[in-house]
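Student: Structure, please.
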Amino acid sequence: MAPASLAALPRLVRLASGSERARRLAGEILERAAGHHGCDDLLADCAGAVEEFRELRTATRRCTRR
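Tutor: Numbers count the residues shown, from 1 in each chain. The predicted structure is shown next:
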């Protein structure tokens, strides 16, 4: 987990609603963030982006199930 990935996360999440690629990249970063990486302080700074991404994924899944 590179600190630059976490630094990019808020911007990727903002782009994710209109970009499949941004959604995929943000998801991959969050998957890797779940492990031990030594960047917990940086991840804590992204709490708002993590919540926003979760809401976006929930909304996206609801739309694709219809």
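
Student: so for stretch 59-66, what's the average pLDDT?
Tutor: Mean per-residue pLDDT for stretch 59-66: 71.

Student: Mind listing residues that contact the helix or strand bottoming out on mean pLDDT in the chain?
Tutor: Here the helix or strand of the chain ranked lowest by mean pLDDT, DSSP states H and E is helix 40-44, holding a mean of 79. If you take Cβ atoms under 8 Å, 6 or more residues apart in numbering as the criterion, helix 40-44 is touched by Pro3, Leu6, Ala7, Ala33, Val50. The way it works is simple: take the backbone N, C-alpha and C, and place the C-beta from them, glycine included.

Student: residue contacts, the closest residue in space to the last one that isn't next to it in sequence?
Tutor: Closest residue to Val50 apart from its sequence neighbours, by Cβ to Cβ, 6 or more residues apart in numbering: Leu30 at 6.6 Å. Residues counted as contacts of Leu30 (Cβ under 8 Å, 6+ apart) are Leu9, Val50, Phe53.
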